[in-house]
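>>> sequence first, then the predicted structure, then my questions.
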Amino acid sequence: MKAEARVAARVATRGLLVGCLCLTAACAPSATGQDRTPTRVIVFIADGAGPAHWTLAAYAKDDLAVGRMKTVGLVDTRGSNHIVSGSAPTATAYATGVRTFMGAIGVGPDSLPVRNVVEAAIDRGLATGIMTTTLIVDATPAAFSTHVPARSQFRDIARQMVDKDLTVLIGGGRSAFEPPVQPESADLLGRLRAEHTYVESVEELSSLDPDTVTSLVGLLAEGEMGTVAERGQALQTMTATALAVLDHDPDGFFLMIENEESDTQAHQNQDRQTITTEMLDMDAAVGQALAYQARHPETLVIVTGDHETGGISLPYDRSPDRKIVMQYASGGHTGVMVPLFASGPGAERFGGIIRNDRVGQILMEIVGG
């Protein structure tokens, strides 16, 4: 009887273990959605946008697109040798995973080039895109694609961008590519026209059939593209077109999208409506990316800034209904941390308080495979 009891006990135990394993398998998360490694990565940078910038947008519109992004964090924007940072070093940190000095574009503290996330994507055979509402050779887009020790080296940045073989390049700053600016009158625009579908206005961009475009360069203004009042719905057109072109690559893509005017207008201490309009325009572009993500759940979307500009505060006006007023503490950058919103597979890695170079390191891990 004792032997029979031992056998019965072993059978019962084995049955219990099998049941537990089956239950664990049934409850385990699926290999889709949040658990999948993203193959499409979209990074939005609202230049100069800190917590108050996004607060103004949230008070103007209840259903912000970033409000649907469940992972939220704060980015420590310091550089390698400074506390209050700028676009060049922080964009470099995002693009390379390395903190660096003021003015540095794609180089480390030793001024030597550091591999960036766009180069990692190209090496893996992914499509790549860079977009901005300012000069395409300005600090943020330059940091994601080039390597120079000073952000003012527009001629060198332009040449490196042409050599980079990006799939999509859209912004202002056409003059930096024109022969009179380049050494020995190099015809960079001629190369771009020969190697890509090329447009020079938002109207031309709108008229394109993305299904017929494999690579696209849009230099939509001689200089900056200006505020929403000046550029209209250009950012939405740029975003929609870029996503449609990049979507042709079955292996995936990396895309960086910047709105510069949240920074420029804060530098000028512009009014509440101006700042709010720029933030809402950026949020509308984010909404397009989230709609794309809904169709392609392997897409990771990140929204952040490079630093805060203006030291914006929102005290109340002493009226009975305690309405807020916007006040500036500075015409320059501040050390305030900037918000980060993330959605999609891998988003949880960007929550909490996170260093700007850590953001870049994670992006390099994801995109570089």
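That came through fine.

>>> so residue 303 makes contact with residue 287?
No. Using CB atoms under 8 Å, residue 303 is not in contact with residue 287; the gap is 10.8 Å. C-beta: built from backbone N, CA, C; applies to glycine.

>>> of those two, who's got more company?
Between residue 303 and residue 287, counted using other CB atoms under 10 Å, the more crowded position is residue 303 (27 against 17).

>>> ok, the helix or strand encompassing that one: who's next to it in the sheet?
Here residue 303, judged by DSSP states H and E, is contained in strand 299-304. Strand pairing for strand 299-304, determined by DSSP bridges: strand 40-46 (parallel), strand 338-343 (antiparallel).

>>> hey, which of these is tucked in deepest?
strand 40-46 (a mean of 27; mean count of other CB atoms under 10 Å).

>>> so what touches that one?
With CB atoms under 8 Å, 6 or more residues apart in numbering as the test, strand 40-46 has contacts from 53, 91, 94, 140, 243, 246, 252-259, 262, 278-279, 282, 285-286, 289, 292-293, 296, 298-306, 363, 366-367.

>>> what number of residues lie near residue 272?
15.

>>> please report phi then psi for it.
Main-chain torsions, residue 272, degrees, to the nearest 10: phi -60, psi -40.

>>> can you pull the phi/psi pair for residue 329?
phi -100, psi -10.

>>> that one reaches residue 308, doesn't it?
No. Using CB under 8 Å, residue 329 makes no contact with residue 308, being 10.2 Å away.

>>> now do the contacts for residue 173.
Residue 173 makes contact with 134, 135, 136, 137, 138, 154, 219, 221, 222, 223, 224, according to CB under 8 Å, 6+ apart.

>>> any idea how far it lies from residue 138?
Note on residue 173: its distance to residue 138, by CB to CB, to the nearest Å, is 7 Å.

>>> what do you get for residue 195?
Distance check for residue 195 against residue 138: by CB to CB, it reads 22 Å.

>>> compare the two (neighbour count), which wins?
Legend: neighbour count by other CB under 10 Å for residue 195 and residue 138, higher for residue 138 (26 against 12).

>>> narrow the contacts of strand 40-46 to those in helices?
Using DSSP state H, 53, 91, 94, 140, 243, 246, 262, 278-279, 282, 285-286, 289, 292-293, 363, 366-367 are the members of the contacts of strand 40-46 that sit in helices.

>>> now the residues you listed: which count as buried?
Taking 16 or more other CB atoms under 10 Å as the criterion, what is buried in these is 53, 91, 94, 140, 243, 246, 262, 278-279, 282, 285-286, 289, 292-293, 363, 366-367.

>>> the most centrally placed residue in the chain pairs with what?
Against the mean C-alpha coordinate of the chain, by CA atoms, centre = their mean, the closest residue is residue 43 at 2.2 Å. When bridges are called by DSSP bridges, residue 43 pairs up with residue 256, residue 302.

>>> now the strands for the stretch 51-200 of the chain?
Taking DSSP state E, counting those that start in this stretch to define them, one finds strands in the stretch 51-200 of the chain at 71-76, 127-135, 168-172, 197-199.

>>> those strands into JSON lines, with extra columns for mean neighbour count and distance to residue 320?
Output for those, formatted as JSON lines (neighbours: other CB atoms under 10 Å; distance: least, CB to CB, whole Å):
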{"stretch": "strand 71-76", "mean neighbour count": "19", "distance to residue 320": "33"}
{"stretch": "strand 127-135", "mean neighbour count": "27", "distance to residue 320": "40"}
{"stretch": "strand 168-172", "mean neighbour count": "26", "distance to residue 320": "46"}
{"stretch": "strand 197-199", "mean neighbour count": "19", "distance to residue 320": "53"}
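
>>> any idea which of those gets closest to residue 314?
strand 71-76 (17.5 Å; CB to CB).

>>> so for the closest one, mean pLDDT?
The average pLDDT for strand 71-76 rounds to 98.

>>> same check on stretch 220-239?
97.

>>> check stretch 251-259 too.
Averaged across stretch 251-259, the pLDDT comes to 98.

>>> distance from the chain centre to that stretch, please.
7 Å (CA atoms, centre = their mean, to the nearest Å).

>>> got the buried residues for that stretch?
252, 253, 254, 255, 256, 257, 258, 259.

>>> can I get those in TSV with distance to residue 39?
Shown next, in TSV, are the buried residues of stretch 251-259 (distance: CB to CB, whole Å):
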residue	distance to residue 39
252	3
253	8
254	10
255	12
256	16
257	18
258	22
259	25
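
>>> picking that back up, next helix or strand past the strand holding residue 303?
Next in sequence after strand 299-304, counting helices and strands by DSSP H and E, comes strand 308-309.

>>> on that earlier part again, give me the residues contacting the strand holding residue 303.
By CB under 8 Å, 6+ apart, the residues outside strand 299-304 that reach it are 38-46, 66, 69, 75, 94, 282, 286, 289-290, 292-293, 338-347, 350, 359, 366.

>>> before we move on, the earlier item: neighbour count winner among residue 329 and residue 308?
Shown here are residue 329 and residue 308; by other CB under 10 Å, residue 308 has more neighbours (26 against 12).

>>> dump the residue contacts of residue 361.
residue 97.

>>> now it: how far from residue 349?
Residue 361 sits at a distance of 10 Å from residue 349 (criterion: CB to CB).

>>> circling back: let me know the closest of the buried residues of stretch 251-259 to residue 234.
residue 259 (10.3 Å).

>>> quick check, the closest one in contact with residue 284.
No. The criterion here is CB under 8 Å, and residue 259 misses it with residue 284 at 10.4 Å.
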